[in-house]
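Chemist: pasted the sequence and its predicted model underneath.
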Amino acid sequence: MSRDAAFYEFLLRMGDNTLILGHRVSEWCGHAPVLEEDIALANTALDMIGQTQMWLGLAAEVQGEGKTADDLAFLRDAWDFRNLLLVEMPNGDFGQTLMRQFVFDAWHVLQLRALTQSTDERVAAIAAKSVKEATYHLDRSAETVVALGDGSEESHARMQAALDYLYPYVGEMFLTDAVDTMLAEAGIAPDPASLRAEFDETLARVLGEATLTLPEARRARGGGRDGKMHTEHLGHLLTTMQWMQRAYPGATW
């Protein structure tokens, strides 16, 4: 694999993560338990879609085929996506959505902080802008996890169930492949495994405050970030997200 090809794969991974999770979070619009949360989740989704525009816009530029970020978002099939399996998991109840958000945010902030030091100025610039939003997302999701985990008996049980369900997907964030190795050697992006220790510290601190028990470590469920395997949930999500562009190719407002 050439370095340009590896760089393109990396940019897809970053953009697809925020695209798919941004869409998932947007599904709460008009359905959140209270108005304040409805607005907060909508704003979180908008932040992530904005980051997607930057990552996929750069990916399209690097690909050099005259495509746009919209082309990459709406005209690829499920097997072409490079997002973490975690972000395509269903919303479930409000607790599951916020637990998924917290786990992602805890990783995302560390990734973006490292990318601000990238040897590629374009990557560093996107990361510098995105990390401010991601830091706010982490503060908010962590606070909500603590409030619900250390809340009522019902909210505690739901948050523990959400953690048990989602934790097997955490390990994929830190798997290293040839793409990661090539970019780490070039100083463009960090080795994913190098972020694990600080991530675990964040989880231990927040989950401790939330009186939640971290499940026993299990084999990481992977395949999303290298496109080898996605869950059935991604196909259903893309059917909803892409149907307008698929039904009316080239449509513009």
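Modeler: Nice, I can see it. Residues are numbered from 1 along each chain as shown.
Chemist: tell me the SS of residue 194?
Modeler: Three-state call for residue 194 (DSSP: H, G, I helix; E, B strand; the rest coil): helix.
Chemist: residues in contact with it?
Modeler: residue 114 (Cβ atoms under 8 Å, 6 or more residues apart in numbering). The way it works is simple: take the backbone N, C-alpha and C, and place the C-beta from them, glycine included.
Chemist: the residue nearest to residue 113 when sequence neighbours are not counted and residue 116, how far apart?
Modeler: Once flanking residues are discounted, residue 113 sits nearest to residue 131: 5.8 Å by Cβ to Cβ, 6 or more residues apart in numbering. Applying Cβ to Cβ, to the nearest Å, the value for residue 131 to residue 116 is 6 Å.
Chemist: out of these two, which sits in the busier spot?
Modeler: Neighbours were counted for residue 131 and for residue 116 using other Cβ atoms under 10 Å; residue 131 has more, 20 against 15.
Chemist: quick check: which element contains the more buried one?
Modeler: Secondary structure from DSSP states H and E places residue 131 in helix 121-149.
Chemist: the very next helix or strand once past that helix: which residues count as buried?
Modeler: From helix 121-149 onward toward the C-terminus, using DSSP H and E, the following helix or strand is helix 153-166. Within helix 153-166, the residues that qualify as buried by neighbour count (16 or more other Cβ atoms under 10 Å) are 155-156, 158-160, 162-163, 165-166.
Chemist: and the pLDDT for the most far-flung residue of the chain relative to its centre?
Modeler: Relative to the centre of the chain, the most outlying C-alpha is that of residue 153, 29.3 Å out, by Cα atoms, centre = their mean. In this model, residue 153 is scored at 97, pLDDT.
Chemist: contacts only, for it.
Modeler: Counted by Cβ under 8 Å, 6+ apart, residue 153 has zero contacts.
Chemist: check what pLDDT residue 250 gets.
Modeler: 83.
Chemist: near it, how many other residues are there?
Modeler: 5.
Chemist: ok, residue 113 touching residue 130?
Modeler: No - when contacts are counted by Cβ atoms under 8 Å, residue 113 is not listed as touching residue 130 (10.3 Å).
Chemist: which of the two has more neighbours?
Modeler: Neighbours per residue, other Cβ under 10 Å: of residue 113 and residue 130, the larger number sits with residue 130, 24 against 17.
Chemist: ok, that one - contacts?
Modeler: 51, 54, 112.
Chemist: just put those in JSON lines and tack on secondary structure, distance to residue 141 and pLDDT.
Modeler: Below are those laid out as JSON lines (DSSP: H, G, I helix; E, B strand; the rest coil; distance: Cβ to Cβ, whole Å; pLDDT from 0 to 100):
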{"residue": "51", "secondary structure": "helix", "distance to residue 141": "16", "pLDDT": "98"}
{"residue": "54", "secondary structure": "helix", "distance to residue 141": "22", "pLDDT": "98"}
{"residue": "112", "secondary structure": "helix", "distance to residue 141": "15", "pLDDT": "98"}
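Chemist: top of these by neighbour count?
Modeler: That'd be residue 51 among those, by other Cβ under 10 Å, with 25 neighbours.
Chemist: separation between that one and residue 171?
Modeler: In terms of Cβ to Cβ, residue 51 sits 23 Å off from residue 171.
Chemist: residue 112 now?
Modeler: Taking Cβ to Cβ, one finds residue 112 at 20 Å from residue 171.
Chemist: just residue 243 next, same as before
Modeler: On the measure of Cβ to Cβ, residue 243 and residue 171 end up 33 Å apart.
Chemist: can you give me the buried ones in stretch 96-106?
Modeler: Buried-residue list, stretch 96-106, by 16+ other Cβ under 10 Å: 96-106.
Chemist: what does stretch 3-23 give?
Modeler: Buried residues in stretch 3-23 (16+ other Cβ under 10 Å): 6-23.
Chemist: hang on, the earlier thing: ok, the residue nearest to residue 113 - contacts?
Modeler: Contacts of residue 131 (Cβ under 8 Å, 6+ apart): 109, 112-113, 116.
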